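J.: how would this look folded up:
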Amino acid sequence: TIEVDEEQTCNPKNPYAESKLLAEKLLEYYAKQHGIEGIIFRIFNIYGYYQNGPFLIPMIINGALKNQKITLSSPSSVRDYLHLDDLLLLFRLAINYVPKDKIEIFNVGTGEGTSVGQIVDLITKYLGEELKVEYTNFRGNETDKIIANVWKLRKGFHWKPKIPIEEGLKRALNAFKKKN
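T.: Here you go, the predicted model:
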């Protein structure tokens, strides 16, 4: 398991991660050139109501509700999942935050990891029926287990997520049921 903190050297393993690092560098350069301050949130895996796209949780929920086969990479892959409502509360706090440096970086997550297999098991439990899941065990060039070190965020904002993954998945599942 890799626990990522803000001081670690970034070594992107794919174009998406590279683009996020490039955006940070552009913000740091702009702040330096124009004498402004700001914060960068390195947001880990967000999930919530009506999420679209090829993201894990909506893919599992949509597939389950439509009784479709769900193809996933590996049940052992671990990520740090944060519910959208918790992120929105943090954004409210960020409006009044004064950075200690020109640009201050914070990891945003729960500081806890949840595996793909655990998410499948929880959704199976909440639906009361087995899901049609197939694992390919292929992740390409991604890290298998990655979790945010959030000590700096908690210290700086006195903030901690309130919605555990179990409750967040129930909320997401209910929202998707209403939508479909």
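
J.: tell me which residue is most central in the chain.
T.: Asn45 (1.0 Å; C-alpha atoms, centre = their mean).

J.: any idea how far it lies from Ser19?
T.: According to C-beta to C-beta, to the nearest Å, Asn45 and Ser19 sit 17 Å apart. Glycine gets a C-beta too; all of them are placed from N, C-alpha and C.

J.: ditto for Ala94
T.: Distance from Ala94 to Ser19, counting by C-beta to C-beta: 22 Å.

J.: so for the two, which residue has more residues nearby?
T.: Per other C-beta atoms under 10 Å, whichever of Ala94 and Ser19 has more neighbours is Ala94, with 16 against 10.

J.: how about the more buried one, nearest residue that isn't a chain neighbour?
T.: Counting by C-beta to C-beta, 6 or more residues apart in numbering, Ile39 is the residue found nearest to Ala94 once chain neighbours are left out, at 6.2 Å.

J.: pretty sure that neighbour is in a strand, no?
T.: Yes. Counting by DSSP: H, G, I helix; E, B strand; the rest coil, Ile39 is part of a strand.

J.: and it, bridged to which residues?
T.: Following DSSP bridges, Ile39 is listed with bridge partners Glu104.

J.: kindly list the longest helix within this protein.
T.: Taking DSSP state H as the criterion, the chain has its longest helix at helix 15-34.

J.: only the buried residues of that helix, if you could.
T.: Using 16 or more other C-beta atoms under 10 Å as the test for burial, helix 15-34 gives Leu27, Glu28, Ala31.

J.: so which elements touch the host helix or strand of Lys170?
T.: Assessed by DSSP states H and E, Lys170 sits inside helix 165-179. Packed against helix 165-179 by the contact rule (3 or more C-beta pairs under 8 Å, 6 or more residues apart in numbering; DSSP states H and E) you find helix 56-65, strand 81-83, helix 116-127.

J.: adding mean pLDDT, write these out as TSV.
T.: Below are these laid out as TSV (pLDDT from 0 to 100):
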stretch	mean pLDDT
helix 56-65	94
strand 81-83	98
helix 116-127	97
